[in-house]
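[1] what follows is a predicted structure for the sequence shown.
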Amino acid sequence: MPGATRVQQGNEVMDMVLLSAAVTYPTLAASASGTNTFTLPGVQPYDLVTFSMINPPAHLTLDNAYVSANNTITILWGTDGTGISTGSVTVMWSICRCENAQALPAGAAIPSVLQ
């Protein structure tokens, strides 16, 4: 907690939920996917991002999202058998930051228990 004097325990620095009222999605053909970016101030590479669309339009899915640069989330959108035109949707983001977060070294094997 801010201002606390207790030594932090565990590896989680923060976990917060943010509501973004107007996340723009691209025009997509039927059974297609596409990406775009969204500015979310404060996010950093290696932050863990989860998401939930609030009242999504029919035929639109938010397939994946990750922090691609400081303050930037890259989003992968998809559609089912019906296309969709550009618009915006409200998204609830959960951001978790771990202490000493780092990527796996290039070529590192992921333990089979995690696959």
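    Everything's here; your move.

[2] contacts and neighbour counts: CA atoms only from here.
    OK.

[3] which strand or helix spans the residue nearest to Ala65 when sequence neighbours are not counted?
    Once flanking residues are discounted, Ala65 sits nearest to Ile75: 4.4 Å by Cα to Cα, 6 or more residues apart in numbering. In the assignment (DSSP states H and E), Ile75 maps to strand 72-79.

[4] that strand: partners in the sheet, and parallel or antiparallel?
    Under the criterion DSSP bridges, strand 72-79 sits next to strand 33-39 (antiparallel), strand 60-69 (antiparallel) in its sheet.

[5] hmm, who's touching it?
    25-26, 28-41, 43-44, 59-68 (Cα atoms under 8 Å, 6 or more residues apart in numbering).

[6] change it to 10 Å
    23-45, 49, 58-68, 84 (Cα atoms under 10 Å, 6 or more residues apart in numbering).

[7] ok, stretch 42-52 next?
    14-15, 17-19, 62-73, 90-98, 100-103.

[8] still on that earlier bit, any idea what the residue nearest to Ala65 is bridged to?
    Bridge pairing for Ile75 (DSSP bridges) gives the partners Asn36, Ala65.

[9] quick one: the lowest-mean-pLDDT helix or strand in the chain to chain centroid distance?
    Ranking every helix and strand in the chain by mean pLDDT, DSSP states H and E puts strand 12-25 at the bottom, with a mean of 86. Centroid displacement of strand 12-25 relative to its chain, using Cα atoms, centre = their mean, to the nearest Å, is 8 Å.

[10] that one pairs with which strands, and in what direction?
    Short version: by DSSP bridges, strand 12-25 pairs with strand 87-98 (antiparallel).

[11] about what we covered before: which of the contacts of strand 72-79 count as buried?
    23, 25-29, 33, 37-38, 43-45, 49, 60-62, 65-68, 84 (16 or more other Cα atoms under 10 Å).

[12] Gln44 sits in which helix or strand?
    With DSSP H and E as the criterion, Gln44 is inside neither a helix nor a strand.

[13] tell me the pLDDT of it.
    For Gln44, the model assigns a pLDDT of 90.

[14] that one and Cys96, how far apart?
    For Gln44, the distance to Cys96 (Cα to Cα, to the nearest Å) stands at 10 Å.
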